[in-house]
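Enquirer: Predicted model follows, preceded by the sequence.
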Amino acid sequence: MNEERIQAALRDASDTQDVKIEAGVLASVADVFEDSFGDRAAVVVADENTFAVAGEEARRQLEAAGREQVEPYIFPGKPTLYAEYGNVEKLVRSLRGHDAIPVAVGSGTLNDIVKRASYECERPYLCVATAASMDGYTAFGASIEKDGHKQTLTCPAPTVVLADVDVLVNAPERMTASGYADLLGKVTAGADWMVADALEIEEIHPAGWSLVQDHLRAWIGNPAELREGDGEAMDRLIEGLIMSGLSMQAYESSRTASGAEHLFSHLWEGEGLGRDEDPPLSHGFKVGVGSVAIAALYERILERDLGSLDIDAIQRNWPSRDELEKEVRSAHTPPLEEAAVEQSLAKHLDAGELAERLEMVRDRWPGLRERLAEQLMGGGELRDMLREAGCPTSPDGIGLGWDDFRATYFRARMIRTRYTILDLAYEAGILDECVEELFSPGGFWSSDTGARSRTAG
Ligand SMILES: [Zn+2]
């Protein structure tokens with residue numbers, strides 16, 4: 001890892017105090033634990049798989065250093081541990097029986113369960129990463145299924161994260177591929193922030209931006225090597241994912257790391273896509289397909305001259321709040337429907353505000369278009385990189401029907417207030433025609449271009 005970059009990021013982070021990324025760093029878990037938690041007792045929390053991979057070794061290292069430990073809490077390895085609230089409750093019951101500091105050994109799901117359970121017990125924790133599978137290690141909040149749907153539950157990020165590259169390169173290939181796809185999504189996420197910034201909706205925070213974007217191209221530049229288990233490529237991937245999590249702490253929002261590609265993913269996740277597979281469809285694989293989808297949409301939009309919008313004509317077709325609510329209700333079903341109505345209405349402009357927004361679009365488009373072109377990569381390029389890393393690249397690869405996929409272009413923007421390119425396209429009255437182009441003969445997603453048969457490489 002680049003020590004300087006991580007240290008600089010830690011200075012702005014609200015929760016995380018220390019991050020160690022290195023081959024063999026698991027051997028120093030006892031020292032790292034002591035630096036942060038003094039003489040507190042430790043409890044290793046893992047599932048049967050991650051306990052075998054690194055939990056047992058963490059326990060042995062802590063024992064060798066004379067650290068007092070509570071008997072490890074180990075979830076079953078089969079079926080794959082699922083991020084549901086019941087598992088948080090089980091762990092909380094166990095943690096309440098002692099005051100040891102959890103040492104979470106695992107990846108996204110295990111970490112999210114421990115993150116939330118530790119918070120409910122008002123305890124800090126240390127995380128030992130076992131796969132570079134998502135950017136949530138250093139992010140606050142836990143993605144947990146509660147009351148029938150996935151939601152982000154409040155909780156701080158871990159105090160310390162330890163990522164042993166020797167462990168990470170031996171993780172299942174699909175997990176590394178998932179992390180790669182989650183990181184690749186920062187290309188479109190950055191573009192969306194540029195759009196929101198240019199339209200004075202959400203200003204770019206230079207530090208939060210830099211943590212993710214300054215080295216992004218280098219972090220995502222070696223998908224084939226990564227798939228072959230190359231240690232340096234892995235070091236870059238995990239650094240990118242950790243930095244991305246730290247950026248969210250610094251900016252106190254996921255804006256730094258999440259745009260329209262994540263809205264696609266959140267919608268599919270909220271509707272349970274791939275939930276019952278074992279292992280469940282990963283966050284990263286959904287984000288990867290979402291990123292290709294959004295990059296392809298950007299290509300359609302960047303071809304247009306939004307500097308010559310006919311604002312009067314767009315205003316005449318603009319929906320009232322009642323019409324919008326009807327539109328949202330017809331596009332969503334419970335339990336997402338109510339939240340979608342609320343979020344959509346919260347960002348809906350009245351006709352006068354729309355005119356002001358579109359005047360701004362008209363004035364700023366030439367400069368914005370140039371900056372976006374520099375930030376973005378083509379949908380085809382992202383698809384090739386994902387394929388090289390071993391990720392699915394189209395809806396077929398994640399078990400989603402083509403009609404549902406197409407509808408996502410219209411439905412995703414409704415579920416969050418976050419302003420993205422989907423909102424700009426909607427407000428400028430070009431979303432329908434751009435999506436039409438993507439799916440028409442010769443278009444990016446057309447069945448005659450081969451996009452549909454290309455799934456996991
Ligand atoms: Zn993500």
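Expert: Received, thanks.

Enquirer: Let me know the helix or strand that residue 224 is in.
Expert: helix 223-227 (DSSP states H and E).

Enquirer: Check residue 8 too.
Expert: Assessed by DSSP H and E, residue 8 sits inside helix 3-12.

Enquirer: can you pull the buried residues of that helix?
Expert: Burial within helix 3-12, assessed by neighbour count using 16 or more other Cβ atoms under 10 Å, is assigned to 5, 6, 8, 9, 10. For the C-beta atoms, the positions are set from N, CA and C on the backbone; glycine is no exception.

Enquirer: What is the nearest of the residues you listed to residue 403?
Expert: Closest to residue 403 out of those is residue 9 (42.0 Å), distances taken as Cβ to Cβ.

Enquirer: OK, contacts around the closest one?
Expert: Listed by Cβ atoms under 8 Å, 6 or more residues apart in numbering, the contact set of residue 9 reads 211, 243, 246, 247, 250.

Enquirer: Output these as CSV; include the columns distance to residue 144, secondary structure and neighbour count.
Expert: Formatted as CSV, the contacts of residue 9 follow (distance: Cβ to Cβ, whole Å; DSSP: H, G, I helix; E, B strand; the rest coil; neighbours: other Cβ atoms under 10 Å):
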residue, distance to residue 144, secondary structure, neighbour count
211, 26, helix, 29
243, 24, helix, 31
246, 22, helix, 33
247, 22, helix, 29
250, 24, helix, 23
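
Enquirer: from these, which has minimum pLDDT?
Expert: By pLDDT, residue 250 ranks lowest within those, coming in at 92.

Enquirer: Apart from its chain neighbours, what residue comes closest to that residue?
Expert: Excluding the flanking residues, the one nearest residue 250 by Cβ to Cβ, 6 or more residues apart in numbering is residue 12, at 3.7 Å.

Enquirer: Geometric centre of the protein: which residue is closest?
Expert: When Cα atoms, centre = their mean is applied to the chain, the residue found nearest the centroid is residue 182 (5.3 Å).

Enquirer: wouldn't that residue be in contact with residue 132 here?
Expert: No: the criterion here is Cβ atoms under 8 Å, and residue 182 misses it with residue 132 at 9.3 Å.

Enquirer: joint contacts of the two?
Expert: By Cβ under 8 Å, 6+ apart, the residues touching both residue 182 and residue 132 are residue 241.

Enquirer: Tell me the one of the buried residues of helix 3-12 nearest residue 204?
Expert: Nearest to residue 204, judged by Cβ to Cβ, of these is residue 9 at 17.0 Å.

Enquirer: How much space separates the closest one from residue 378?
Expert: Note on residue 9: its distance to residue 378, by Cβ to Cβ, to the nearest Å, is 29 Å.

Enquirer: Ok, residue 122 next?
Expert: In this view, residue 122 and residue 378 are 48 Å apart by Cβ to Cβ.

Enquirer: Which parts of the stretch 51-200 of the chain are strands?
Expert: 69-75, 101-106, 126-129, 142-146, 149-153, 160-164 (DSSP state E, counting those that start in this stretch).

Enquirer: ok, and for the fifth one, which residues are buried?
Expert: Going by neighbour count (16+ other Cβ under 10 Å), the buried part of strand 149-153 is 150, 151, 153.

Enquirer: and the next element down the chain from the helix holding residue 8?
Expert: Counting by DSSP H and E, the next helix or strand C-terminal to helix 3-12 is strand 18-22.

Enquirer: tell me the angle of the helix or strand following that next one relative to strand 160-164?
Expert: Using DSSP H and E, the next helix or strand after strand 18-22 towards the C-terminus is helix 29-37. Taking axes from the mean of the first three to the mean of the last three Cα atoms, to 10 degrees, one finds helix 29-37 and strand 160-164 inclined to each other by 160 degrees.

Enquirer: By mean pLDDT, which helix or strand of this protein comes out lowest?
Expert: When each helix and strand of the chain is scored by mean pLDDT, DSSP states H and E, strand 149-153 comes last, with a mean of 89.

Enquirer: Taking strand 142-146 as reference, get the angle to that strand.
Expert: Going by the same axes, to 10 degrees, strand 149-153 makes 140 degrees with strand 142-146.

Enquirer: Next, the residues that contact strand 149-153 from outside, please.
Expert: 83, 116, 141-146, 269-270, 272, 335-336.

Enquirer: Fine by me, thanks again.
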